[in-house]
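Asks: Sequence and computational prediction follow.
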Amino acid sequence: MRSRATYVLATLIGSVALAFALTADGAPAKSKKKPDEHGSDPSASYTASMTTLRQLKMALPGRRPNDPVMSVGEWNEATKIYFERCAGCHGVLRKGATGKALTTDLTRKNGYEYLKNFITFGSPAGMPNWGTSGELTKKQVDVMTRYLLLEPPAPPEWGMAEMKSSWKLLVKPEDRPKSKANDWDIENLMSVTLRDAGKVALIDGATYEIRTVIDTGYAVHISRISASGRYLFVIGRDGLVNMIDLWMKVPQTVASIKIGMEARSVETSKFKGWEDKLVVAGSYWPPQYVIMDGETLEPKKLVSTRGNTYDEQNYHPEPRVASIVASHYRPEFIINVKETGKILLVDYTDLKNLKTVEIEAERFLHDGGFDSTKRYFLVAANARDKVAVVDTKENKLVGLIETGGVKPHPGRGANFEHPVYGPVWATSHLGDDSVSLIGTDPEGNSEYAWKVVDNFPAQGGGSLFLKTHPKSKHLYVDAPLNPDPETSAGVAVFDISKMTGDKDKDPEFKSLPIAKWANIGKGQPRVVQPEFNKYGTEVWFSVWNSKDTESAIVVVDDKTLEVKKVIKDPRLITPTGKFNVANTQGDVY
Ligand code: DHE
C-alpha cells in the first residue's frame, strides 16, 4: 500500500469546532513560556455545529462559591459559541465525544490560565488556535474560559408530546392524487438542498429546469425517497421533516413534523411488503430516533439512544444518531449511533414489541452505504479511520477495516467492478488525499472481501463525497474542504477500466475545473457531491458559494467529461447535496 501524506494545516475553513486536549490529570501550565501554536486539519471544519441549539436561551446557573463572575449577556454569547463551535467535539453536555470531556471537575482542576491558553493557541491533539487565528477575539476567549468553569446548561428534551404538537397533516392521504397528476419524469428528478435558504429545489433531469422550490427545515441536510418513488422526505438540521408528494400536479409538502432539535437523518421502509409504510428519523439532540407512519408522518415509536459505549461500556448521555438506511433483506432500519459505536438493526414489524439487534462496531459512526448487492452495509467511523461492515441478511458484523487513510468520509460510497479485484466499494478521506477500495464479494472474490485492496491518491485532502454509477466507467472524487482554492473548486476523475491494481503505480486521474466552468465572478466556491442522473449518463456537481454570492450546478457528460450545462438561477442559494429520485430510491451508487 502506498503511503499518503496527512494534511496538517494552519488554515481553517468555515466554522470549526473546538477540540480541547484537556485531561483529568493534566496540570495547569505554570511556565511563562508562550505555548506552541497549533492549526487544524481540513476535517476540523467538518465537525457538527449545533445550529439550532445555539438559538436557545439557557438560564445562567446560580452562583456557587469560587464561580467566575459572568453577566447574562456574556453567558448567552458563550452558550451560542459553545453550541455552534464546541459541542460537535465535546458534546452538548460537555461530557466528551471526539474531543475530551469539559465537565467542571476537570476544567476547575486545570484552571483559568490553562484553559485560556488552550483556546488561544490550540493543541497538537486537534484543538484549533481560536485566539491566534482570529476566529475568537481576546474578549470571547476570556468569556469562553469562564464559561467552561461554570456548570454546563442542558438543552430541553423533545419528547412525544412536543413531536405530536409539531405534527402537521397538511393534505390527508385520501385528498391526494390517486395517480400521478403531473407529466414530470419524476425518476429523473433531482432534489437539491439549498442549504442556507432552508429549501429544496426540484430540478428536471432532462431540461435542467427548476420545476419548483419548496420550503423545508433550517439548513436542510439530506433527501430520501420512499420505496415506491412517490414520496420525498427532507430533513433540516432543526429536525423538521417534510414529506413531499411527487405525484401532485406541483409537488408540495403534505405532512411535516419536528422530530428533535438537531438532526441529520431520515429514511423510509423498503423491505418487500413494507414499501412506503414507515418513516424513521434520527436526531443529534435529543439523542433518539422516531418511527412514523409512512403516509402521514404521525409519530408512532420514540426510542432513546442513551446508553453505554460498546467498548468500555460506560454510560454516555448523548449518543447522536448519524446515518440511517433501510434494509432490503429484512424489515429493518439500520441506525448508526455515533458515540456508543453501535449499529442498531431495528425490526419495524411490531412496534409494540420492538426487536433490535445491537451490533458492536466502532465509535463515531458517521456516513455509509450498501455494496452493489445491497446485502452488506459499510459505514465509516471516521474519527477512528475505520469502516464497519454489516451483513444485513445474517445480522452480524463481518468486517472492521482500517482504511489506510485519515478520516474516511464516503457519503454513501461508490460501487464498481475493479478489473483485478472484482466488486469493490470506495471511500475518500477528509484527513488526507487517499481513496481506499474495499473488496465486497465474499463469494466470488473471497481473498479480497472486507480488505482494503488498493489505496491511492486523488487530488487532495478534504474530500467529502465520491460517486460512480453502474452505467459509468468513471469514479469522481471531490475535495471541497481542501484549503487550496483550485483543488476545492475541481474534482478528480478516474477511469475505472484503467485501474491495474499495480501497487507501484497509482491510477491516474484527470482534474475537472468545475467551478471555472461555472464562471462565477465572486467568492471562493467549493465543488461538492457528485450525483448521477437516473441513466448514469451525466453527473451533477454543486458549486457551493456563500449565501449572498452566486452559486451554480454544473452538469458533466460522463462519456466526454465535458461540461454539458451550467444551471444558474437566483433561487439556487448554497446548493450542496443532490439526490436523484431513482438512484436514491434504489440505493444505486
Ligand atoms: Fe452532512 C450526509 C452529518 C456537515 C452535506 N451528514 C450526512 C449524514 C450525516 C451527516 C449523519 C448521513 C445521513 C444519512 O445517510 O442518513 N454533516 C453531518 C455533520 O454532523 C456535519 C459534519 C456537521 C453539521 O453540523 O452538520 C455535516 N454535510 C455537512 C456539510 O457541511 C455539507 C457538506 C453541506 C450541508 O448541506 O450541510 C453536508 N451530508 C451532506 C450531504 C449528505 C450528508 C450532501 C448526503 C450525501 C449522500 O450522498 O448521501
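Replies: Sure, I can see it.
Asks: so the residue of the chain at minimum distance from the ligand is in which element?
Replies: Using CB to the nearest ligand atom, the single residue of the chain nearest to the ligand is residue 577, 2.7 Å away. Yep, even glycine has a C-beta here, placed from its N, CA and C like the rest. Using DSSP states H and E, residue 577 falls within strand 575-580.
Asks: average pLDDT for that strand?
Replies: For strand 575-580, mean pLDDT rounds to 98.
Asks: what helices or strands is it leaning on?
Replies: Contacts defined by 3 or more CB pairs under 8 Å, 6 or more residues apart in numbering; DSSP states H and E place strand 575-580 against strand 189-194, strand 222-225, strand 526-532, strand 538-544, strand 552-557.
Asks: repeat that for 10 Å
Replies: In terms of contacts (3 or more CB pairs under 10 Å, 6 or more residues apart in numbering; DSSP states H and E), strand 575-580 is packed against strand 189-194, strand 199-204, strand 222-225, strand 231-235, strand 526-532, strand 538-544, strand 552-557.
Asks: Of all the ones you listed, which one is nearest residue 388?
Replies: The minimum distance between residue 388 and those falls on strand 222-225, with 20.3 Å, by CB to CB.
Asks: Now do the strands in the stretch 451-589 of the chain.
Replies: Secondary structure of the stretch 451-589 of the chain (DSSP state E, counting those that start in this stretch): strands located at 452-457, 466-467, 474-477, 491-495, 509-512, 526-532, 538-544, 552-557, 563-567, 575-580.
Asks: of all these, which lies closest to residue 434?
Replies: Evaluated over the strands of the stretch 451-589 of the chain, closeness to residue 434 peaks at strand 452-457, with 5.3 Å, by CB to CB.
Asks: Now the closest one - C-alpha only, CSV.
Replies: Taking C-alpha atoms only, strand 452-457 is exported to CSV below (Å, rounded to 0.1, in the frame of the first residue of the first chain):
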residue,chain,number,x,y,z
VAL,A,452,-8.5,-2.7,1.5
VAL,A,453,-7.3,-3.9,-1.9
ASP,A,454,-6.0,-0.6,-3.0
ASN,A,455,-5.3,2.9,-1.6
PHE,A,456,-4.2,5.7,-4.0
PRO,A,457,-4.2,9.5,-4.1
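Asks: Strand partners (parallel or antiparallel) of that strand?
Replies: strand 434-439 (antiparallel) (DSSP bridges).
Asks: for this structure, longest helix please?
Replies: The residue-count maximum for a helix in the chain (DSSP state H) belongs to helix 104-121.
Asks: can you pull out the strands in the stretch 301-450 of the chain?
Replies: 307-308, 315-316, 321-326, 332-337, 342-347, 355-360, 365-370, 376-381, 386-391, 396-402, 414-418, 422-428, 434-439.
Asks: Most tightly packed of these?
Replies: Among the strands of the stretch 301-450 of the chain, strand 434-439 has the highest mean neighbour count (mean count of other CB atoms under 10 Å), at a mean of 28.
Asks: For that strand, give the mean pLDDT please.
Replies: Regarding strand 434-439, the rounded mean pLDDT is 98.
Asks: Residue numbers of this structure in contact with the ligand?
Replies: Contacts of the chain with the ligand, taken as CB under 6 Å from any ligand atom, map to 46-49, 193, 195, 221-222, 264-265, 322-324, 366-367, 411-412, 464-465, 528-529, 576-577.
Asks: Which secondary structure elements does the lowest-mean-pLDDT helix or strand in the chain sit against?
Replies: Using mean pLDDT, DSSP states H and E, the weakest-scoring helix or strand in the chain turns out to be helix 87-90, at a mean of 88. Packing partners of helix 87-90 (3+ CB pairs under 10 Å, 6+ apart): strand 278-285.
Asks: and the strand it packs on, which strands flank it?
Replies: Going by DSSP bridges, the partners of strand 278-285 are strand 262-268 (antiparallel), strand 288-293 (antiparallel).
Asks: quick one: low-confidence ranges for the chain?
Replies: 1-45 (pLDDT under 70).
Asks: centre of the chain versus the strand holding residue 577, how much separation?
Replies: When distances are taken as CA atoms, centre = their mean, to the nearest Å, strand 575-580 is centred 13 Å away from the chain's centroid.
Asks: Over to stretch 79-94?
Replies: Computed by CA atoms, centre = their mean, the chain-centroid distance of stretch 79-94 equals 17 Å.
Asks: What's the end-to-end length of it?
Replies: With CA to CA, to the nearest Å applied, stretch 79-94 spans 12 Å between its terminal residues.
Asks: Now do the buried residues in it.
Replies: Within stretch 79-94, the residues scored as buried using 16 or more other CB atoms under 10 Å are 79-94.
Asks: and the strands of the stretch 451-589 of the chain as TSV, adding mean neighbour count and distance to residue 437?
Replies: Formatted as TSV, these follow (neighbours: other CB atoms under 10 Å; distance: least, CB to CB, whole Å):
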stretch	mean neighbour count	distance to residue 437
strand 452-457	21	5
strand 466-467	27	11
strand 474-477	26	9
strand 491-495	23	10
strand 509-512	18	14
strand 526-532	26	17
strand 538-544	26	19
strand 552-557	22	23
strand 563-567	17	28
strand 575-580	24	24
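Asks: Could I get those in JSON lines, plus columns for distance to residue 116?
Replies: Listed next are these as JSON lines, based on distance: least, CB to CB, whole Å:
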{"stretch": "strand 452-457", "distance to residue 116": "39"}
{"stretch": "strand 466-467", "distance to residue 116": "41"}
{"stretch": "strand 474-477", "distance to residue 116": "40"}
{"stretch": "strand 491-495", "distance to residue 116": "42"}
{"stretch": "strand 509-512", "distance to residue 116": "43"}
{"stretch": "strand 526-532", "distance to residue 116": "33"}
{"stretch": "strand 538-544", "distance to residue 116": "35"}
{"stretch": "strand 552-557", "distance to residue 116": "43"}
{"stretch": "strand 563-567", "distance to residue 116": "48"}
{"stretch": "strand 575-580", "distance to residue 116": "36"}
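Asks: circling back: turn the strands paired with strand 278-285 into CSV, including mean neighbour count.
Replies: Below are the strands paired with strand 278-285 laid out as CSV (neighbours: other CB atoms under 10 Å):
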stretch, mean neighbour count
strand 262-268, 26
strand 288-293, 23
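Asks: Looking at the ones you listed, which is nearest to residue 209?
Replies: Taking the strands paired with strand 278-285 one by one with CB to CB, strand 262-268 is closest: 26.3 Å.
Asks: sorry, back to before: using CSV, list the CA coordinates for the least confident helix or strand of the chain.
Replies: What follows is helix 87-90, C-alpha atoms only, in CSV (Å, rounded to 0.1, in the frame of the first residue of the first chain):
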residue,chain,number,x,y,z
ALA,A,87,-20.5,20.9,21.1
GLY,A,88,-19.8,18.9,18.0
CYS,A,89,-16.5,17.6,19.5
HIS,A,90,-17.1,17.9,23.3
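Asks: Just list the residues touching the nearest residue to residue 410 once chain neighbours are set aside, thanks.
Replies: Sequence neighbours aside, residue 427 is the residue nearest to residue 410 in space, at 3.7 Å (criterion: CB to CB, 6 or more residues apart in numbering). Each residue near residue 427 by CB atoms under 10 Å, 6 or more residues apart in numbering is listed here: 367-369, 378, 380, 382, 387, 401, 403, 405, 407-414, 434-438, 452, 463, 465-466, 477.
Asks: Quick check, the residue of the chain closest to the ligand in contact with residue 219.
Replies: No - applying CB atoms under 10 Å, one finds residue 577 not in contact with residue 219, separated by 11.3 Å.
Asks: any shared contact partners between those two?
Replies: Common neighbours of residue 577 and residue 219 (criterion: CB under 10 Å, 6+ apart): 193, 195.
Asks: what angle sits between the strand holding residue 577 and strand 189-194?
Replies: 160 degrees (axes from the mean of the first three to the mean of the last three CA atoms, to 10 degrees).
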